[in-house]
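*Asks:* 3D model of this:
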Amino acid sequence: MMTNLFTSFDPTSSIFSIPMNWSSTILAMIFIPLYYWLLPNRTIIFWMKINMTLHNEFNTLLNFKNKGATFIFISLFSLILFNNFMGLFPYIFTTSSHLTFTLSLALPMWLSFMLYGWINNTQYMFAHLVPQGTPPILMPFMVCIETISNLIRPGTLAVRLTANMIAGHLLLTLLGNTGTLLMTSPIMLQILIFIQILLITLEIAVAIIQSYVFAVLTTLYSNEVIN
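*Replies:* Just a heads-up that it's a prediction; the model follows:
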């Protein structure tokens, strides 16, 4: 019997004392080489169209300042999307529901943007701390507010993704545990199954939306440090 709702998120799976939880994160490496050896099919063409759409959109967000930079954010989107979908399958560890994974993505990206901005565009970074048209008396407060908002950005990126993944999985777990109590009522059991199917559909949408939001916000943060 489950003693804690968060037990399903505990990294406890292992084979011969070798932890296997994070192996789902690198499963994408098995499928990537297929794009180079197989003839283009509908799946590959569909995925390439998604990549081109994201490339054009990220280029617009970056104002065409660095066209090659979009591939970093497309790769980030693909990695998060793959791990979000892997977590929807039974008995697979949801890596994107842990701050260890999300912070390892958000923190290095944010830190690299900040270092690049303060080293190469120092004057622009100082000017960005005070919005245009701010009264002189409010400038010290605006500097503090902008500094705090910059410092918490990696945390908000990581927590947003983690919280959305945990919330849906917890709801599915709660409803799934009530299935054994409704075995005597076939009608209620059918309603429960229908609700679970709707929640799975919602989780698929959340997996796509959250990976897109993470990539777009990272792109916007990078755009702020490029003068």
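
*Asks:* and residue 209, which of the three is it?
*Replies:* helix (DSSP: H, G, I helix; E, B strand; the rest coil).

*Asks:* Number of residues surrounding it?
*Replies:* 12 (other C-beta atoms under 10 Å). Every residue, glycine included, has its C-beta placed from N, CA and C.

*Asks:* Buried residues, stretch 172-187. List them.
*Replies:* Buried residues in stretch 172-187, defined by neighbour count with 16 or more other C-beta atoms under 10 Å: residue 172.

*Asks:* now that stretch, how far from the centre of its chain.
*Replies:* 31 Å (C-alpha atoms, centre = their mean, to the nearest Å).

*Asks:* Equivalent analysis for stretch 190-200, please.
*Replies:* Distance, centroid of stretch 190-200 to centroid of chain: 25 Å (C-alpha atoms, centre = their mean).

*Asks:* how about that stretch: buried residues?
*Replies:* Buried, per 16+ other C-beta under 10 Å, within stretch 190-200: 192, 199.

*Asks:* now stretch 148-157
*Replies:* Buried, per 16+ other C-beta under 10 Å, within stretch 148-157: 150, 153, 154, 157.

*Asks:* Now the element after the helix or strand hosting residue 82, going C-ward?
*Replies:* Using DSSP states H and E, residue 82 maps to helix 70-86. Toward the C-terminus, helix 70-86 is succeeded by helix 99-120 as the next helix or strand (DSSP H and E).

*Asks:* so what does the helix or strand that comes right after that next one touch, helix or strand wise?
*Replies:* Next helix or strand after helix 99-120 toward the C-terminus (DSSP H and E): helix 122-128. With contacts defined as 3 or more C-beta pairs under 8 Å, 6 or more residues apart in numbering; DSSP states H and E, helix 122-128 has these neighbours: helix 99-120.

*Asks:* if you set the cut-off to 10 Å instead, what comes out?
*Replies:* Contacts defined by 3 or more C-beta pairs under 10 Å, 6 or more residues apart in numbering; DSSP states H and E place helix 122-128 against helix 99-120, helix 139-151, helix 186-224.
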